[in-house]
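Asker: sequence and predicted model, in that order:
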Amino acid sequence: MPLIKPFPGLRPAPGRAADVAAPPYDVMNASEARQMVQGRPWSFLHISRPEVDLPEGVDPYAPEVYAKAAENLARMRREGVLVQDNSACFYVYRLTMGKHTQTGVVAAASVAAYDQNRIRKHEFTRPNKEDDRVRQIEALAAQTGPVFLVYRSHPDVDACLARAAGKPPAVDITAADGVRHQLWVLDDGGVIAQLMQWFDAMPSLYVADGHHRSAAASRVAAAAGDDAGLPGEAAHDYFLSVIFPHDQVQILDYNRVVRDLNGLDRQQLLESISGRFSIDPSSAPVRPSAHGEFGMYLQGRWYRLTVEADRIPRDDPVERLDVSILANELLRPILGIADQRTDNRIDFVGGIRGLEGLEARVDSGEMAIAFAIRPTDMEALMAVADAGEIMPPKSTWFEPKLADGLVSHML
């Protein structure tokens, strides 16, 4: 099987992309989703968050929710809002957020490569979230939420996508958050074949975001294969993906706030920290820029923490991450946060909210202390995935986000 394939995408009809495009299903709660669809009858949230069309309080995992998604998809196709291409295509997708731009390719990626760890993961998945995505795919007979994949930058692929993006786009919209989404249809057979050849020569791809969607696609493919009992490829042997070069993606910081000081007062805390870090008070918010450096906000004041060099692991790709250093040297031994996945004393603040988002959580009295962490870089993420290891929880925050609804993969 090829690593990636073109496919006949289901897309907004000409002029309808702005009506359809929606944020990813998992970046808002039910109440926010209901507000977002006000006055937007064709928003893709009617498919990705169909509870917006059912009474408030409905269980989002109830059978009628998935049935409503299928009903809404059928209605949007029937009304000509969504139209499927006649032939298999790749799609070039460009995201622009401020001065940042990244250009990738929308493709169907091999489930077999995912199962064999050629498409590499770095997160655990939760069964209930996997189950939800499986039911959604089965109800729609479609994959509508793209998996965000990364390839190691390849000069020929990068140049090919840039050339395609030099032509007038099929879609050019700016979302409410200011992110620009552009899409080009790539239907030239020779270019498609060349792209497939280049990707087939790559040793691996990496899941950046979308672990539950890719795991669900694998489960759907396995179930469909068992039912069919037939050899050969089918649409469910591939999953919807957008693949970007590793040196174009943007990872923001993913910061921590903690509810209390674990029984310590300010002076006791600083003394405990001083045995592991150098502590430098700062008159300005601290945005770490070096490995092993952290910002700490406590009682209205910022501090720069720098871990002692001999405390940074050299060879373990997980333990040398800044998020791991903070956990191992401070959160666990000093603040008593043994498991960040389950301890409700800790919360996580995406870098998109800025350092002022940390200050607000502490100044309000909701939290006692905040930590700013240097963003995980893509090379570090790939090293963890190559080692077959798992990233600590909440290690990466990718921006900008992909839009739902611009291209779907029909099964």
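Answerer: That came in fine, so what should we check first? Just so we're clear, the structure is a prediction, and the values are computed from it rather than from any experiment.
Asker: all strands in the stretch 251-400 of the chain, in order from the N-terminus.
Answerer: 251-252, 254-258, 277-282, 293-298, 301-307, 346-350, 369-373, 397-398 (DSSP state E, counting those that start in this stretch).
Asker: closest to residue 193 out of these?
Answerer: Using CB to CB as the measure, strand 397-398 is the one of the strands of the stretch 251-400 of the chain that comes nearest residue 193, at 30.2 Å. For every residue, glycine as well, the C-beta is placed using N, CA and C.
Asker: so which elements touch the very next helix or strand once past that closest one?
Answerer: Scanning forward in sequence from strand 397-398, with DSSP states H and E defining helices and strands, the next element found is strand 409-410. Judged by 3 or more CB pairs under 8 Å, 6 or more residues apart in numbering; DSSP states H and E, strand 409-410 is in contact with strand 142-143, strand 238-245.
Asker: hmm, who's touching strand 409-410?
Answerer: Residues from elsewhere that reach strand 409-410, judged by CB atoms under 8 Å, 6 or more residues apart in numbering: 7-10, 84, 108, 141-144, 235, 238-240.
Asker: ditto for stretch 74-88
Answerer: With contacts defined as CB under 8 Å, 6+ apart, stretch 74-88 is touched by 5-13, 16, 19-20, 42, 46-47, 73, 185, 187, 192, 408, 410.
Asker: endpoints of that stretch, how far apart?
Answerer: Start to finish, the residues bounding stretch 74-88 are 21 Å apart (CA to CA, to the nearest Å).
Asker: so residue 214, which state does it fall into?
Answerer: helix (DSSP: H, G, I helix; E, B strand; the rest coil).
Asker: ok so, going back, are any of the contacts of stretch 74-88 buried, and which?
Answerer: The neighbour-count test (16 or more other CB atoms under 10 Å) marks 5-7, 9-12, 16, 19-20, 42, 46-47, 73, 185, 187, 192, 408, 410 as buried among these.
Asker: tell me which of the helices and strands packed on strand 409-410 is the most buried.
Answerer: Sort the helices and strands packed on strand 409-410 by mean neighbour count, taking mean count of other CB atoms under 10 Å, and strand 238-245 sits at the top with a mean of 26.
Asker: so where do the helices sit in the stretch 51-200 of the chain?
Answerer: 63-78, 111-115, 127-140, 155-164, 189-200 (DSSP state H, counting those that start in this stretch).
Asker: what does the pLDDT read for the residue of the chain most remote from its centre?
Answerer: Going by CA atoms, centre = their mean, the residue of the chain most distant from its centre is residue 267, 39.1 Å out. Reported pLDDT at residue 267 in the predicted model: 97.
Asker: so what's it up against?
Answerer: Counting by CB under 8 Å, 6+ apart, there are no residues that residue 267 touches.
Asker: any idea how many residues pack against the closest residue to residue 133 other than its chain neighbours?
Answerer: Computed as CB to CB, 6 or more residues apart in numbering, the closest residue to residue 133 that is not its neighbour in sequence is residue 216, at 3.4 Å. The criterion is other CB atoms under 10 Å. On that basis, residue 216 has 26 neighbouring residues.
Asker: and residue 118, by the same measure?
Answerer: 15.
Asker: make sure it is actually in contact with residue 204.
Answerer: Yes: under the contact definition of CB atoms under 8 Å, residue 118 touches residue 204, with a separation of 5.4 Å.
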